[in-house]
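Peer 1: Sequence and predicted structure below; questions after.
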Amino acid sequence: MLRAKFINAGVLDERVTIRAAGRVGGPASMATSRDGGRTWTSEDLSAVAAMVLDVKFVDERTGFLCAGSDAAVERSHSVRRPAPADWPSDRRVEIRLVD
């Protein structure tokens, strides 16, 4: 959960962003709430990984994703890739994973 200050109709306010991911065996996706959990959106991450184990964001645009290259655990390897070039720039997050 991240708390970030922003200007809301001319008043300094706080936005609570929650990101959740994780599904051993796939499909790879990440859920995001920018209103403290009242509403959620889901993003398909299959362009960068086959399964997602965990996600941690240090600010609204910088995060770490623990993911595997194959939905079958016994065949999976860690992946290290940037976000796909066709992702909209306002949603682009560079994803780097280490072995």
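Peer 2: Right, received. Where do you want to start? Residues are numbered from 1 along each chain as shown.
Peer 1: C-alpha only now, for contacts and for neighbours.
Peer 2: Will do.
Peer 1: Just the element for Leu12, please.
Peer 2: Assigned by DSSP states H and E, Leu12 falls within strand 11-21.
Peer 1: What strands line up against that strand, and which way round?
Peer 2: strand 2-8 (antiparallel), strand 29-33 (antiparallel) (DSSP bridges).
Peer 1: wait, which of these is closest to Val58?
Peer 2: Closest to Val58 of these, according to CA to CA: strand 2-8, at 7.6 Å.
Peer 1: re earlier: to Arg61, which of the strands paired with strand 11-21 lies closest?
Peer 2: strand 2-8 (10.8 Å).
Peer 1: Give me the most central residue, this protein.
Peer 2: Closest residue to the average C-alpha location of the chain: Met30 at 5.1 Å, with CA atoms, centre = their mean.
Peer 1: Would you quantify the distance from that one to Ala4?
Peer 2: Met30 sits 20 Å away from Ala4, going by CA to CA, to the nearest Å.
Peer 1: Please apply the same query to Lys56.
Peer 2: Distance from Lys56 to Ala4, by CA to CA: 15 Å.
Peer 1: again, but for Arg34
Peer 2: 10 Å.
Peer 1: what residues do those two have in common as contacts?
Peer 2: Residues touching both Arg34 and Ala4 by CA atoms under 8 Å, 6 or more residues apart in numbering: Arg15, Val16, Thr17.
Peer 1: dump the residue contacts of the first one.
Peer 2: In other words, Arg15. Leu2, Arg3, Ala4, Lys5, Phe6, Arg34, Asp35, Gly36.
Peer 1: That'll do, ta.
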